[in-house]
Each structure stands twice: as C-alpha cells, then as structure tokens.
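K.L.:
attaching a predicted model along with its sequence, questions to come.
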Amino acid sequence: MPITYWTHPKAGMPARIEDYAILGDTQSAALVGRDGSIDWLCLPRFDSDACFAALLGDERHGRWQIAPQGAVRAAHRRYREGSLVLETTFETEEGVVRVVDCMPPRQRDPDLVRVVECVSGSVVMRMELKIRFGYGATLPWIRVNGACITALAGPDALSLYPGAGGVGMTIEEDGEAVLRAEFRLAAGERTGLVLVWHPSTEAPPAGLDPFAEIDATDAWWSAWAARCTYEGPFRGAVLRSLLTLKALTYLPSGGIVAAATTSLPEALGGVRNWDYRFCWLRDATFSLLALMESGYQDEAQAWCDWLLRAVAGHPAQFQIMYGVLGERRLTEIELPWLPGYEGSAPVRIGNAAVDQFQLDVFGEVMNCIHHARRLGVTLDAETWGFQRALLDHLELRWREPDEGIWEVRGPRRHFTHSKVMAWVSFDRAIRDAESFGLPGPVEHWKEVREAIHADVCAHGFDARRNSFTQYYGTDALDASLLLVPLVGFLPAEDPRIAGTVAAIQADLTDESGLTLRYRPDPATDGLPPGEGAFIACTAWLADCLALLGQLDEARRLFDRLLSFQNDVGLLSEEYDVKHARFLGNFPQALSHTALVNTARILSVPHVPAPLCGGR
Ligand SMILES: OC[C@H]1O[C@H](O[C@H]2O[C@H](CO)[C@@H](O)[C@H](O)[C@H]2O)[C@H](O)[C@@H](O)[C@@H]1O
C-alpha cells in the first residue's frame, strides 16, 4: 500500500524503535528512520544536547527529513558491507531514488552528509530541516552565509551546504526556522547536502565534498571491519554488532557509551526511561571482551587507558559509570517540554545510578583487565597497583548490601550476583599474580575468595528451589544468576547450576526462551512493574544451555534472538514479544556484546565461555 510520508497521519511522529538505523563518527551518533527522517542527533558529543529530538516527541522538537514528495511503494535499506554508510532506497510511481547517509570520521567539526541519487525514472524529492537546539527547546536564528545557511543559538551553530557538487536546490525558510526544498532528480543525477556543527563563535568551516566523504567514510569503516578475526557461521551478525560497538566508542578517549539514546522506554508509556549516553564500567567491560576476542586490541588498549584515567584517585570514590572523558558529575534531571517516546515520560538526562554502590563492577573490571593481560594488551605500569588498591577496598566492603547489576532504585540488598562478582575480583587477581608473576598477598586473597564462595553458597542458594536466588533470604530468581557458571564460580556440571538454569527457564522465560531480568517487584526495584524480555539475558541463557551440553536448544534460542535484529542488524535493550517491538535504548552495547559472545560459544563449543578466567 503506497504511502506519502509528508501527509501520512503519523507524519512528524517518531518511528518504531526498530525502524531506526545508526549513523556515527565515533564521537556522536544520529538515528535515521526508514522514512528518511533523522530524528535524533546530539552534537558535538554523544551526551551533548540534542539538536534533533523528534525521537522523544515529534517534529516540533527537531529533525531532518529527505524523502520523495509523492507516494512511496516500498522503502528498503542496507548498510554498505562492513560499513556505517547507510543506503535507503525508495520505490515510487515516478522512479527509484536512493538516499545515502553517513557521518564522516571526525576531522575537526562533526558533519552529517546526505547524498540523494536517482536510480531510475525522475523523482521529485522534498527536504525539510528543523533544527531545535537544547533537546528540542530552542528555535535558532537563521542566517545566509554565502554558500551556506547557518542556524545558531547560544553556543551552537549548524551550517547547511545544499546541493554541493550536484543538482542545485533552492532552500526556503518559513519564518519559523524551518528550511524546506523541493527538487527533481532524473536517472543518473545526484545531489549532496552537508550539515556541519561548529561553535557559534566561529565562522562556518569550509563545506565538504559530500560524494568524496561518502567514499572516504565507507573506506574507513571497511578498513576497520577487515581487522575482524571472527570467521564463524554468524559472521554477518557478529560484524554488524562489532561495528555498532565501535560506533558507540568515543574515539578521543576510548570510553564506550551504553547506547546512543536517552529515555527510550523499557515499557511503552512507562516511567523506566534512562539516559544511556555514558560509560558504565559493566557494559564497557563486556563490550571490551567482545572486541578483544574478535581481534580489536587497539580498542582494548584505549579503553584500559581510559579506565585508569577515569578511576584515578582513591578507590572509595570509584564510580560505576563516567562521562565519555571520565567526567564524574552526571546529575539526573527531567526535561518537561519533551513528551517522551510515544508518551513515555519523563524524559531524563543524566543518570542517578551514578551514585549507586554496585559490587559487581569490581569483578567486571578485574575480569576485563585479566583478559587484556592474557591477550597481550600493554598495560600501564600503574595498572596492577590500581587493581591491588581496588581489592583492598573491596575486602572492606564485599559484605555490604548494594544496588546490584540492575541498578534497582529500591533498598540495597545482598544480591547474589554482586557477591559472585566480588569472588571474581579475587579470583582474577590470583590468576594474574600466578600467571604473570605479579606481586601480592596471594594466600590471603585465596582465603577471601573462599570466604565469599562459602557465603554465596550458604545464603544465596535455595535448596528447596534447587536454585541460586536474586538476593540473600528471598526465593525470587534473577537472570543475572546465569552468569554464575559463565564467570567460572561453579562448573556447569555442578547440580546447582542445572537447577538454577531450569528454575530460570521455568520462571523468567516465555515458551521460546526469551528471558526477563527478574519479576519486577516495587519493593525491590522501587519502580512500577512492566518491561520486555532482556536481550542480553536471553543470550546468557543460550550460553548456559551450551555449557550444559544442550547445543540444539542453545542454537534454537540464539536463532530466535538473531531473528529480532532489525533490517540492518541492530538491537535495542529489550524486546516486547506481545507487540513484536523493540524497547529501551538503542542500539544498546550490552545486547550486541551478548550476541557476539554467544556466537563465539556456539561457533566453537569447546572454547571456554568468554567471561571465564581463560583457563
Ligand atoms: O531499570 C532500572 C535501571 O535501568 C538502567 O540500567 C540498565 O542499563 C544499564 C546500562 O545499560 C545497565 O548497566 C544496567 O545493568 C541496567 O539495569 C538505568 O541506567 C538505571 O538508572 C536504572 O535504575
């Protein structure tokens, strides 16, 4: 059924989350819909104010759309192979036209490049650019500056170079700071538009050649993709996930953000809307393991350097997340002028979880550094000293309750997974000392490791349920317990592991294996219930099934998970099975990391689980 994007009843509203693709220059990212509308872009960094925020409201909050003026019979798109250059092809009554989008690797100022090329026939295109700085709040001044048109407000300016090197176009401004153009392209003709951000105190930089930039960007990503060492049966999905992880990496520092967005809801219409444009130590360490095991040593090196800078100082001030340059103040506030994605309010920026105590983070960091060492990453001379200081601090605190991996906003608990990760911290330090000859009180660490193990087995296991439990003293379950065998706390053959996996399958998964994090209980997580299946947890279940030797079952579950990728291979945080929709921030590093790790386990079943100590 042909539709006209400009007159459709939902014109100007955000698309389904799964209808977006990411563009990125490894310092920030844009989301572009199948309708050719860029509805999300923060400049100059991932966590800067958005200049296009229609994603969390509607077109009034800023967007940039280029699409056929008339009815579209079909739209399909793809990334160029091994690249973040996106091609969206529109089939219309008049002909076929393609929009090619990218953000060139950052030179000085961030650019967004859009090339429109007519494949066949002769197609009238329409362009509408609505820049709204300050997350959709601020209408800019519009100034014509010779070859470009500049929109500026406060510290920000965006300059548009239209029609560069191709068919020209006349841009009109409507008095409300909206720029519009209509232009016809015949088969073989093309035109390009470049939008560049710069500080409003500076003159617009020289306009780039959009056609050359597309080629250069494609070549940059292809060269990066060529370094991938994974050659197994899931190469397409693995490579797309790795490219996405790279796109979420802030190149100047090596920090990795958890996702490109804020406030995409965990339940449509709900309040679980969080800002993910920061570097969680947990999510980043998982990402690093996926990158390192796939041949990306430079990224591991950069992240380890980032880590040491970010956490520098006293271990008592260790945070669970930081800004992309290691910033510590990530104050959470609400943006009341944005109605939220499909009415999911509040929209939040900043994240109050920054002040939480999450015991697992120590284990994730120690595990990641252990793997970095094992894989030959050159570590700063201070690294081992930093690790020992962390252990000293952890020894004083591991018996305390915490907010846990899921960052609950209810009371602190003795979360079983948190204690297991405290065990991982000491375990990996012991391995580092023994394998690499590093100095330390190894015998003492062994005693602490044993004490934590005994504590978990005594208080975190429910013999009646034959399962580990979410926290000490409850019989509630939690999918984070799937990590117990994956990190090597107990071998897969231990009957408590089979019991835990079976209990989670019975209580937290649907008939196909899609897994909830836990059964939300306001008394535990401090928020109203309701969220989708958690994609990373579903992958961890497949990992456990593989470890238990149930390879067919594991493969079936992984195939189901792969079927959730959108048309360009991307995943959000959660999946709503009932409505077949993505939920949560997008694209999410943790989901893509889990995909890569499970693909590796299923490709070579005898390889130890990537989260294990690498024995
Ligand atoms: O559901 C409540 C919490 O949700 C977010 O945390 C989740 O995302 C983090 C980043 O991917 C991940 O590290 C964590 O394990 C997830 O639970 C949110 O950031 C929290 O503020 C919120 O309390």
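P.N.:
Looks like it arrived, so ask away. These numbers come from a predicted model, not from an experiment.

K.L.:
now do the helices in the stretch 201-350 of the chain.
P.N.:
Using DSSP state H, counting those that start in this stretch, the helices of the stretch 201-350 of the chain run over 210-225, 235-247, 281-293, 297-310.

K.L.:
between those, which one is closest to the ligand.
P.N.:
helix 281-293 (4.8 Å; C-beta to the nearest ligand atom). (C-beta placed from N, C-alpha, C; glycine too.)

K.L.:
CA atoms of the closest one as PDB?
P.N.:
The C-alpha trace of helix 281-293 is given here as PDB (Å, rounded to 0.1, in the frame of the first residue of the first chain):
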ATOM      1  CA  LEU A 281      32.200   0.100  33.700                       C
ATOM      2  CA  ARG A 282      30.000  -3.000  33.500                       C
ATOM      3  CA  ASP A 283      28.700  -2.600  30.000                       C
ATOM      4  CA  ALA A 284      32.000  -1.300  28.700                       C
ATOM      5  CA  THR A 285      33.900  -4.300  30.100                       C
ATOM      6  CA  PHE A 286      31.500  -6.700  28.400                       C
ATOM      7  CA  SER A 287      32.000  -4.700  25.100                       C
ATOM      8  CA  LEU A 288      35.700  -4.900  25.500                       C
ATOM      9  CA  LEU A 289      35.700  -8.600  25.900                       C
ATOM     10  CA  ALA A 290      33.700  -8.900  22.700                       C
ATOM     11  CA  LEU A 291      36.100  -6.600  20.800                       C
ATOM     12  CA  MET A 292      39.300  -8.100  22.200                       C
ATOM     13  CA  GLU A 293      38.200 -11.700  21.400                       C
END
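
K.L.:
what's in contact with it?
P.N.:
241-242, 245-246, 248, 255-256, 258, 299-300, 303, 307, 319-322, 358, 360-361, 364-365, 367-368, 371-372, 375, 377, 405, 589-590, 592-594, 596-597, 600, 610-611 (C-beta atoms under 8 Å, 6 or more residues apart in numbering).

K.L.:
does residue 148 touch residue 207 like I think?
P.N.:
Yes: Residue 148 is within contact range of residue 207, at 6.2 Å (criterion: C-beta atoms under 8 Å).

K.L.:
hey, what's in contact with both of these two?
P.N.:
Common neighbours of residue 148 and residue 207 (C-beta under 8 Å, 6+ apart) are 159, 161.

K.L.:
in this protein, where's the longest helix?
P.N.:
Longest helix in the chain, counting residues (DSSP state H): helix 416-436.

K.L.:
that one vs the ligand: in contact?
P.N.:
No: using C-beta under 6 Å from any ligand atom, helix 416-436 stays clear of the ligand, coming no nearer than 10.4 Å.

K.L.:
that older thread, among the helices of the stretch 201-350 of the chain, which is the most enclosed?
P.N.:
Most buried of the helices of the stretch 201-350 of the chain, by mean neighbour count (mean count of other C-beta atoms under 10 Å): helix 281-293, with a mean of 24.

K.L.:
is that one positioned near the ligand?
P.N.:
Yes: using C-beta under 6 Å from any ligand atom, helix 281-293 reaches the ligand at 282-283.

K.L.:
quick revisit: from the contacts of helix 281-293, which are also near the ligand?
P.N.:
Among the contacts of helix 281-293, the ones lying near the ligand by C-beta under 6 Å from any ligand atom are 258, 405, 590.

K.L.:
quick check, nearest of these to the ligand?
P.N.:
For those, the nearest to the ligand is residue 258 (3.8 Å; C-beta to the nearest ligand atom).

K.L.:
okay, now the closest one: neighbour count?
P.N.:
25 (other C-beta atoms under 10 Å).

K.L.:
return the lowest-mean-pLDDT helix or strand in the chain as PDB; C-alpha atoms alone will do.
P.N.:
None of the helices or strands of the chain scores lower by mean pLDDT, DSSP states H and E than helix 522-525, at a mean of 78. The C-alpha coordinates for helix 522-525 follow below in PDB (Å, rounded to 0.1, in the frame of the first residue of the first chain):
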ATOM      1  CA  PRO A 522       8.200  -2.400  43.600                       C
ATOM      2  CA  ALA A 523       9.600  -3.400  47.000                       C
ATOM      3  CA  THR A 524      12.900  -4.500  45.400                       C
ATOM      4  CA  ASP A 525      13.400  -2.200  42.400                       C
END
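
K.L.:
near the ligand at all, the next helix or strand after that helix?
P.N.:
With elements assigned by DSSP states H and E, the helix or strand that comes after helix 522-525 is strand 533-534. No: counting by C-beta under 6 Å from any ligand atom, the ligand is not contacted by strand 533-534; separation bottoms out at 8.6 Å.

K.L.:
now do strand 533-534, average pLDDT.
P.N.:
Mean per-residue pLDDT for strand 533-534: 93.

K.L.:
hey, what's the angle from the following helix or strand past that strand to helix 281-293? Just curious.
P.N.:
Using DSSP H and E, the helix or strand that follows strand 533-534 in sequence is helix 535-547. In terms of direction (axes from the mean of the first three to the mean of the last three C-alpha atoms, to 10 degrees), helix 535-547 departs from helix 281-293 by 50 degrees.
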